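1. The sequence isn't on hand, but the structure is:
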């Protein structure tokens, strides 16, 4: 019976592969080509070309009628064949290479189709779980896998158990059921974190992942708009006004059930910040996490417009970690805190320090350009912003088609370890050599 | 040197006074510089109905700076060449037909004077200078333009405003957008503050979004574009046909005036509120559009 149930899926895969071969141009890399190059250690080139793999529309198939990704179906066929083709002595390494390749494929998928990433991660995790962790790359694989799902803001699959069954069910019913199906519900409730913990029980960053999720739940709906830091801030006066609205009072033109509901929801989210601060502070007992903790405590203070306290935490970050993303972002946040307290020279200096670590970061360059303009240095502001934007541009294409842009750290901040994904991928590739 | 300073230096050079003295008497350079940097220029358009009014001079205008009446040094008909920055929201909700839009931009560029220049800044998720500032008569390569992605409206506006047109030129920014920013680092008020520090007039051609802005921040985003245009002396136009809309804005701008004055009895620093009115018995028949604020350093 299982074979019969799988027949539509298999047939679909065959059709998809056949049709893709029929339309392939000589210059288009095949999945197998890329896998072989990846296995030879041509990681960067293979990962870059993954983005050129033609996008093919998802198709309805499978026993539960979910939408299937033709690329994933192709991979599901190719990978086991490739692993099994090696002798017994090489199969272990090939499993890790295939899992890593699948993770990079997931990462290369268009961010607007985030739901197409997870199946690759789940497939690779299943492959690694089938045998005890033995390869040094596996730790980096799990860290990167969590980061990919956090980058997706796909918290059910990343964190699992923190979601109630009800919330996970709602999540799946709303937008993802068509891609993941009912069968995925259990996996979403378990979350990848549980698998990672089993493989590496002593990894301290798993504790951070849970707190990252909790922080994401404090972000206000309003801040889900444009990416300015200011949208995340609430002053004491704003919090008092929210409390008055929530109690049914009128503020300006804002009143009524809708305003009351929105204010109550915002207060609920803001109310989670104090216990969140305590959870971060508790992690200070883990030396390897102190840099992360200082960065997040600093940002939480920024959100409450407690500038001196924020600066106190943020100044500690470069002393506690050498991780470039954390150090650069700490300077970026310091620049913002200085800017908000009218310390323009200090803000310019801090933004410059952020760019020294993470050159061409778009959001930092823009904030610095605005400060330079404030200081009457318009020509310098233009040159800086022009340089940052040009560096992010792929020649001959429109800016939104950035092939390999330098990282812009600030937009990644609310996505947990997505900030460190480039580091994890680099370490993973290093371990595969 | 800021755009405002550059423009003023050019005006005085044309008068053949200060810069000549500068060359002959180095000791006067500092004094000259101070005098030059304190000059302010304000772009003004006067309309009767929808028609621009020409032939006015400084005696026809009254200008207050932070509420204090100022003595106008000149009100030249704006014969200066124009640097046009076209900022185009390339998200598919705004540009439905990319090829048609490209042909309209090319047609618009051909309509400009040979001494004018044009630049195209395209924005979606990213921001890119699709066409660098170049003489309007040169062929425009718009092949890189494509419609997709999110909307970095405010970041694109800052980038556009940072352009310095140089001496004896004016900067006109035309932004084509639905006004809903989704992924910018800059906020709308940040961009309005930045606009007070540069010498540019912003006109917005607004595309009606397919649906009403759903959230408060979306509505604020649309309002901020209107406020930006208003604060710089520009205005908001509904999109009819891109070519005609661009054309009309340039013609209005070209028929305007540049009022110049040296602020008196007001502190130099900080934000200055400027108000321009007509000094004519029939003033109520006219609409005067001018920059509302500038930043004194």
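-> Looks like it arrived, so ask away. Note that the coordinates shown come from a computational prediction; the quantities given were computed from them, not determined experimentally. Numbering: from 1, shown residues only, chains lettered A, B, ... in the order given.
2. show me where pLDDT drops low in the chain?
-> You didn't say which chain, so I picked chain A. A:1-27, A:61-66, A:110-112, A:133, A:161-190, A:221-226, A:392-406 (pLDDT under 70).
3. my bad, the chain I had in mind was chain B
-> B:1-38, B:77-78, B:92-93, B:147-148, B:209-214, B:297.
4. Touching stretch A:357-365 from outside, list them.
-> When contacts are defined by Cβ atoms under 8 Å, 6 or more residues apart in numbering or on different chains, stretch A:357-365 is touched by residues A:227, A:324-325, A:327-328, A:331-332, A:335, A:351, A:354-355, A:384-385, A:387-389, A:391-392, A:405-411, B:155, B:185. (C-beta placed from N, C-alpha, C; glycine too.)
5. and residue B:104, how many neighbours?
-> 18 (other Cβ atoms under 10 Å in any protein chain shown).
6. check contacts around it.
-> Residues near residue B:104 by Cβ under 8 Å, 6+ apart: B:241, B:242, B:243, B:246.
7. returning to what we had before: when you filter the contacts of stretch A:357-365 down to buried only, what's left?
-> Buried members of the contacts of stretch A:357-365, counted by 16 or more other Cβ atoms under 10 Å in any protein chain shown: A:227, A:324-325, A:327-328, A:331-332, A:335, A:351, A:354-355, A:384-385, A:388-389, A:392, A:405, A:407-410, B:155, B:185.
8. For the one helix or strand residue B:120 maps to, what is the distance to the chain centroid?
-> For residue B:120, the host element (DSSP states H and E) is strand B:117-123. Distance of strand B:117-123 from the chain centroid (Cα atoms, centre = their mean, to the nearest Å) equals 14 Å.
9. Which residue ranges of chain B form helices?
-> Assigned by DSSP state H, chain B shows helices spanning B:3-15, B:18-24, B:29-37, B:98-111, B:153-161, B:188-195, B:216-232, B:242-254.
10. Pull the residues that contact the longest one.
-> If you take Cβ under 8 Å, 6+ apart as the criterion, helix B:216-232 is touched by A:222, A:225-226, A:231, B:153-154, B:157, B:173, B:175, B:177-181, B:187-189, B:191-192, B:195-196, B:200-204, B:206, B:213, B:235-236, B:291-293.
11. and the host helix or strand of residue A:427, what does it pack onto?
-> Residue A:427 belongs to helix A:421-432 when assigned by DSSP H and E. Counting contacts by 3 or more Cβ pairs under 8 Å, 6 or more residues apart in numbering or on different chains; DSSP states H and E, helix A:421-432 is packed against helix A:43-50, helix A:88-108, helix A:137-151, helix A:324-340.
12. list the buried ones in it?
-> A:421, A:422, A:423, A:424, A:425, A:427, A:428, A:429, A:431, A:432.
13. which residues touch that helix?
-> By Cβ under 8 Å, 6+ apart, the surrounding residues in contact with helix A:421-432 are A:41, A:43-44, A:47, A:96-97, A:100, A:103-104, A:107, A:135-137, A:140-141, A:143-144, A:147-148, A:151, A:323-325, A:407, A:417.
14. distance of the residue lying closest to residue A:47 once chain neighbours are set aside from chain B?
-> Nearest residue to residue A:47, sequence neighbours excluded (Cβ to Cβ, 6 or more residues apart in numbering or on different chains): residue A:104, at 5.0 Å. Distance, residue A:104 to chain B, using Cβ to the nearest Cβ, to the nearest Å: 22 Å.
15. Quick check: residue A:104 touching residue A:37?
-> No. Using Cβ atoms under 8 Å, residue A:104 is not in contact with residue A:37; the gap is 11.6 Å.
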